[in-house]
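Asker: quick one, what's the 3D model for this:
(chains A and B)
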Protein chains: 2
Amino acid sequence: MTRSAKAVPLTVGIELGGTKCAMMLGTGPDDIRAEARIETVDPHRTMDAIDDLLRQWRARHGFEAVGVASFGPLDLDPRSPTHGCVVSTPKPGWSGFDILRRLHCWAVPVGFDTDVNGSAMAEGRWGAAQGLGSFAYVTVGTGIGVGSIVEGRAVRGLGHSEAGHLRIPRPPGPAFAGVCPYHGDCVEGLASGPAVLAYAGLPAEQLSRADAAWDMVVSALAALCHNLVLTTAPERILLGGGLGMGQPHLLPRIRAALLASLNGYGVADRIAAGIEDFIVQPGLGHRAGPLGALALAVDACLVEAR
Amino acid sequence: MTRSAKAVPLTVGIELGGTKCAMMLGTGPDDIRAEARIETVDPHRTMDAIDDLLRQWRARHGFEAVGVASFGPLDLDPRSPTHGCVVSTPKPGWSGFDILRRLHCWAVPVGFDTDVNGSAMAEGRWGAAQGLGSFAYVTVGTGIGVGSIVEGRAVRGLGHSEAGHLRIPRPPGPAFAGVCPYHGDCVEGLASGPAVLAYAGLPAEQLSRADAAWDMVVSALAALCHNLVLTTAPERILLGGGLGMGQPHLLPRIRAALLASLNGYGVADRIAAGIEDFIVQPGLGHRAGPLGALALAVDACLVEAR
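Answerer: Sure thing, here's the model as predicted:
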């Protein structure tokens, strides 16, 4: 074992997703010692299953910290009385559930952030955003999540990035109300998997590349990118998730639509000069989720060590 | 003089605006020792006039740093070969002009940021955002500028906040192309002073409160606030500028429209609980500009002292 590999602590990452929970124990993508996947059911049974695995892994491998990258919205404000809880979700039993308190029983540092912020941190550490200070990780699938890193830190204030729900111009084409239960035609309401299904009557993977649904998706995701460029100033935007990774023909179209939308304003020329490197696929693919949780665990160790 | 007043360095703030340049020498809003205002003309004559004043002030008062809060867009990236320059502007002679190099002749630390980031820092230090880590300062006037502070620092990456140019839904009402030369109906294209003038045929201060132009302005500014909430997570949004300060009847309408737009999502309940304190007028009024430059100068001293 090299000195630098030794310096990275052995930790556990838990990606708590809406339907499943992916767990990894290791030091990084090239050194995963154990992996598991459980169903996300009600919070108590889910956390019991997580505890069972942690008990086995502690006995067999040991670990120095735990990271949780969770669906949300989450309360990430350490000064808030509900810090560590899920804020509000249609998932039965999870609204108000205190994830963090359950994990503090393990008496190790616990890293805690949204799933997309975790994935973003993992991409920054090991993936397609290495060496960048400010960047965004966008996942397009059942929903649309955005993790925003500014100068090495996930954006934090009153809440966290929820840029999948930005208000954007209605795309050209036939009227479509959008599928977001909160906002109708926000980005998620127009460009998520369920939006494509509702618009086209077929799931994304059965549509031809020429389907008009893609015009809507490209328009909405380009507007999202435009608004990210002008708010959180990313040096790169990673576009992943089931729909992002599964429809690579969208990437060149979104790049062109972003440049058309910026229309030369501000940093547009610098983006245009490197557009192929500006909007890219993530480097860690579907492993970004649990690796993101692992990255949060590593960071929790570092904070504790200070 | 108290100990804490002594600890704050005597510095110069230069607000470099599109038409005029406001300068202050002091330690803060309650201790301004000199003030001046010059026309912004071509860059060389403008900088010569600034140098003349700095020479007088150095002889008479001395100063430990200079801060410049400038119109932009600006290149704020220290690794960039054009760091310190105006990126692109319709103002003759200013595109590509290196503001920072001119001021380095004074051999004192120089703080440099956008006018709105400067104003935001001043509001955080002395005004309506004291004690907050993450907040936004929006100025609505001839243009729309947004300074975004996240955990105490102005958002920085590939460029800086230019959220006045966000893409937003077209407001209800008659078709109006918007006045932004780059984007047509972005926020600035719909809600700036020139947008109101183009839409209503009269300047803002001559319109009745019932004019339909205000519906458009409220819709656009609420969409801006919605998108800020979900990208940079502000704990408060300050809404200033000529139009923001001059039309106080807009504030309650924008607050209501923001809550309707968020529609209960994420942090909406926390915002609703304190909505009167969430969207507010700035505390420093029209002095936020030069005081912002002063705040940048103070910060430049602190960075240098580290």
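Asker: which bits of the stretch 101-250 of chain A sit near chain B?
Answerer: A:133-135, A:148, A:150-151, A:153, A:155-163, A:165-170, A:182-183, A:185, A:223, A:226-235 (Cβ under 8 Å from any Cβ of the partner chain). Glycine gets a C-beta too; all of them are placed from N, C-alpha and C.
Asker: out of these, name the ones that lie in helices.
Answerer: Here DSSP state H is the test, and those give A:223, A:226-231 as lying in helices.
Asker: could these be laid out in JSON lines, adding neighbour count?
Answerer: Below are those laid out as JSON lines (neighbours: other Cβ atoms under 10 Å in any protein chain shown):
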{"residue": "A:Ala223", "neighbour count": "26"}
{"residue": "A:His226", "neighbour count": "27"}
{"residue": "A:Asn227", "neighbour count": "27"}
{"residue": "A:Leu228", "neighbour count": "25"}
{"residue": "A:Val229", "neighbour count": "27"}
{"residue": "A:Leu230", "neighbour count": "27"}
{"residue": "A:Thr231", "neighbour count": "29"}
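Asker: tell me which of the residues you listed is nearest to B:Gly143?
Answerer: A:Leu230 (13.3 Å; Cβ to Cβ).
Asker: how near is the closest one to A:Glu205?
Answerer: Counting by Cβ to Cβ, to the nearest Å, the separation of A:Leu230 from A:Glu205 is 33 Å.
Asker: tell me who's in contact with the residue most central in space within chain A.
Answerer: Among the residues of chain A, the one closest to the centroid is A:Val116, at 1.7 Å (Cα atoms, centre = their mean). For A:Val116, the contact set (Cβ atoms under 8 Å, 6 or more residues apart in numbering or on different chains) comprises A:137-139, A:145-147, A:161, A:292.
Asker: helix, strand or coil for it?
Answerer: helix (DSSP: H, G, I helix; E, B strand; the rest coil).
Asker: go on, A:Ile14?
Answerer: Counting by three-state DSSP, the backbone at A:Ile14 sits in strand.
Asker: got a list of what it touches?
Answerer: Contacts of A:Ile14 by Cβ under 8 Å, 6+ apart are A:21-23, A:50, A:66-69, A:290, A:293.
Asker: and for A:Ala222?
Answerer: A:Ala222 is in contact with A:254, A:257-258, A:260-261, counting by Cβ under 8 Å, 6+ apart.
Asker: buried stuff in stretch A:277-291?
Answerer: Neighbour-count burial for stretch A:277-291, counted by 16 or more other Cβ atoms under 10 Å in any protein chain shown, picks out A:278-280, A:282-284, A:287-291.
Asker: coming back round to it: save the contacts of A:Val116 as CSV, and put in pLDDT and secondary structure too.
Answerer: Shown next, in CSV, are the contacts of A:Val116 (pLDDT from 0 to 100; DSSP: H, G, I helix; E, B strand; the rest coil):
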residue, pLDDT, secondary structure
A:Tyr137, 98, strand
A:Val138, 97, strand
A:Thr139, 96, strand
A:Gly145, 95, strand
A:Val146, 97, strand
A:Gly147, 97, strand
A:Ser161, 94, coil
A:Gly292, 96, helix
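Asker: let me know the closest of those to A:Arg45.
Answerer: Of the contacts of A:Val116, the one sitting nearest to A:Arg45 (Cβ to Cβ) turns out to be A:Gly292, at 23.7 Å.
Asker: name the residue of the stretch 1-150 of chain A that lies nearest to chain B.
Answerer: Nearest to chain B, among the residues of the stretch 1-150 of chain A, is A:Ser134, at 2.7 Å (Cβ to the nearest Cβ).
Asker: just the strands in the stretch 201-306 of chain A please.
Answerer: A:237-240, A:279-280 (DSSP state E, counting those that start in this stretch).
Asker: list the helices and strands the first one packs on?
Answerer: Applying 3 or more Cβ pairs under 8 Å, 6 or more residues apart in numbering or on different chains; DSSP states H and E, we find strand A:237-240 packed against helix A:115-126, strand A:135-140, helix A:212-231, helix A:250-262, strand A:279-280.
Asker: would TSV of those with distance to B:Val87 be doable?
Answerer: Shown next, in TSV, are the helices and strands packed on strand A:237-240 (distance: least, Cβ to Cβ, whole Å):
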stretch	distance to B:Val87
helix A:115-126	26
strand A:135-140	20
helix A:212-231	13
helix A:250-262	13
strand A:279-280	21
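Asker: which residues sit against stretch A:201-213?
Answerer: By Cβ under 8 Å, 6+ apart, stretch A:201-213 touches A:173, A:193, A:196-197, A:199-200, A:214, A:243, A:246-247, A:249.
Asker: okay, and for the stretch 151-300 of chain A, where does confidence drop off?
Answerer: Residue ranges of the stretch 151-300 of chain A with pLDDT under 70: none are present.
Asker: I'd say A:Val229 and B:His160 touch.
Answerer: No: A:Val229 lies out of contact with B:His160 (Cβ atoms under 8 Å); the separation is 10.8 Å.
Asker: report the buried members of the contacts of A:Ala222.
Answerer: For those, buried by 16+ other Cβ under 10 Å: A:254, A:257-258, A:261.
Asker: chain B next: which of the residues you listed are close?
Answerer: Okay, of those touching chain B (Cβ under 8 Å from any Cβ), that's A:Ser261.
Asker: what is the nearest of the buried ones among the contacts of A:Ala222 to chain B?
Answerer: A:Ser261 (6.4 Å).
Asker: please name the residues that touch that closest one.
Answerer: A:222-223, A:225-226, B:167, B:183.
Asker: what do you get for A:Val217?
Answerer: Here A:Val217 is in contact with A:190-191, A:195-196, A:243, A:250 (Cβ under 8 Å, 6+ apart).
Asker: if I look at it, how far off is chain B?
Answerer: For A:Val217, the distance to chain B (Cβ to the nearest Cβ, to the nearest Å) stands at 15 Å.
Asker: from the contacts of A:Val217, which is closest to chain B?
Answerer: A:Leu190 (11.2 Å).
Asker: what about the nearest residue to the closest one once chain neighbours are set aside, neighbour count?
Answerer: Excluding the flanking residues, the one nearest A:Leu190 by Cβ to Cβ, 6 or more residues apart in numbering or on different chains is A:Ala220, at 4.1 Å. Residues contacting A:Ala220 under the criterion other Cβ atoms under 10 Å in any protein chain shown number 29.
Asker: shouldn't A:Ala220 be in contact with A:Ile168?
Answerer: Yes: between A:Ala220 and A:Ile168 there is a contact at 6.0 Å, judged by Cβ under 8 Å.
Asker: joint contacts of the two?
Answerer: A:187, A:190.
Asker: in the stretch 201-306 of chain A, what residue is nearest chain B?
Answerer: For the stretch 201-306 of chain A, Cβ to the nearest Cβ, closest residue to chain B: A:Ala233, 3.3 Å.
Asker: how many neighbouring residues does that residue have?
Answerer: When neighbours are counted by other Cβ under 10 Å, A:Ala233 registers 28.
Asker: quick check: it vs A:Met24, distance?
Answerer: 31 Å.
Asker: can you check A:Ala36 too?
Answerer: Counting by Cβ to Cβ - A:Ala36 and A:Met24 are separated by 8 Å.
Asker: more crowded one of those two?
Answerer: Taking other Cβ under 10 Å, A:Ala36 and A:Met24 do not tie; A:Met24 has more neighbours (26 against 17).
Asker: helix, strand or coil for that one?
Answerer: Using three-state DSSP, the structure places A:Met24 in strand.
Asker: that one pairs with what?
Answerer: For A:Met24, the beta-bridge partners under DSSP bridges are A:Gly13, A:Glu35.
Asker: wait, it touches A:Pro290, no?
Answerer: Yes: look at A:Met24 against A:Pro290 with Cβ under 8 Å: they come within range, at 4.4 Å.
Asker: quick check: neighbours shared by those two?
Answerer: A:13, A:35.
Asker: now do stretch A:53-65: everything it contacts.
Answerer: By Cβ under 8 Å, 6+ apart, stretch A:53-65 touches A:9-12, A:23, A:25, A:33-34, A:36, A:38, A:66, A:106, A:108-111, A:297-298, A:300-301, A:304.
Asker: appreciated, that's everything.
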